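**Q** model this:
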Amino acid sequence: MSSTTVATCPTCGCQETSCATCSAPDECFDSSSCCCSAAHVAWRQGRLRGAQRLEYYSLAWMSVEVVGSIGVGVLVGSLALIAFGGDSLVEMLSAFVTIRHLEADIRGARTMGLGTARLSSLLLFSLIPIIGAGAVYSLAAGIRPEGSLLGIAIAVGAVLVMPYLWLQKRRIGRETRCLPLQIDAVESATCFLMSAALLAGLLAEYFLGLWWADYLAAGVILAFVAKEAVEAYHESAEESASRTGAQSSTSPRP
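**A** So this is what the prediction gives:
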């Protein structure tokens, strides 16, 4: 029986099949800038291309969520569907920017993706007062949302699709130490939890006539959006502080 060994970079500790153990991320931001083997560089680029395909799948599905959720939500007066569609719009933008980051990373451009995280958190924070104001107005106006089979179908689709995207993005993000991809994975996980809350509210509304379940689902979704926004903000702030500290420690003193 033959045994296989995995080459390890003596400088950063990266292996041919993972960057998770990298001990010098600032010097080895794209593997090729360090002394990593050609096999490791080729492996990492292949994984990032796989991540690009995942992001394209995300874009396609998010397009369905945005058009379907917001369109149906407006027709039946469902704030939960509108809130879910608004978050999907932010995730769609995040996926697009993440694709651009991955393209630059594959080319070897030194980019940390901090702008992606900051933009995502800003857009998510902006959803909170918009949806919240809509909920207050709807309650004051006495609007009672109607049940929708199409809305239920969209929620079921998200419950089935998002776990796969979340797990795959998280795995590749950790293996390649790609911050935007890891943050996008968290957004996919949050989208799954939101879709589960949305589905529960829509089912209660459609089959039991509990119109207030839509407002309850909208509140749960907004709580997830707020949590997601805070996490994205902290991720970018911590990474920025880490990069600044590393640069100041390695810069020559006058």
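**Q** could you list the low-confidence segments of the stretch 1-150 of the chain?
**A** Within the stretch 1-150 of the chain, the ranges that satisfy pLDDT under 70 run 1-5, 110-117, 120, 143.
**Q** which residues in it form helices?
**A** 38-76, 79-107, 114-141, 149-176 (DSSP state H, counting those that start in this stretch).
**Q** out of those helices, deepest packed?
**A** Among these, ranked by average contacts under mean count of other C-beta atoms under 10 Å, first place goes to helix 79-107 (a mean of 23). Quick note: C-beta positions are derived from backbone N, CA and C, even for glycine.
**Q** re the thing from before, same list (the helices of the stretch 1-150 of the chain) but as TSV, adding distance to C28.
**A** What follows is the helices of the stretch 1-150 of the chain, written out as TSV (distance: least, C-beta to C-beta, whole Å):
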stretch	distance to C28
helix 38-76	10
helix 79-107	13
helix 114-141	18
helix 149-176	11
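**Q** ok, which of the ones you listed comes nearest D26?
**A** helix 114-141 (13.8 Å; C-beta to C-beta).
**Q** just the angle for the closest one relative to helix 79-107, thanks.
**A** Per axes from the mean of the first three to the mean of the last three C-alpha atoms, to 10 degrees, the angle that helix 114-141 makes with helix 79-107 is 170 degrees.
**Q** helix 114-141 - contacts with which helices or strands?
**A** helix 79-107, helix 179-208, helix 212-250 (3 or more C-beta pairs under 8 Å, 6 or more residues apart in numbering; DSSP states H and E).
**Q** gap between the first one and the chain center?
**A** In terms of C-alpha atoms, centre = their mean, to the nearest Å, the centre of helix 79-107 is set 7 Å apart from its chain centre.
**Q** so which of the helices of the stretch 1-150 of the chain is nearest A232?
**A** helix 114-141 (3.8 Å).
**Q** and the angle from the closest one to helix 179-208?
**A** Using the same axes, to 10 degrees: helix 114-141 against helix 179-208 is 20 degrees.
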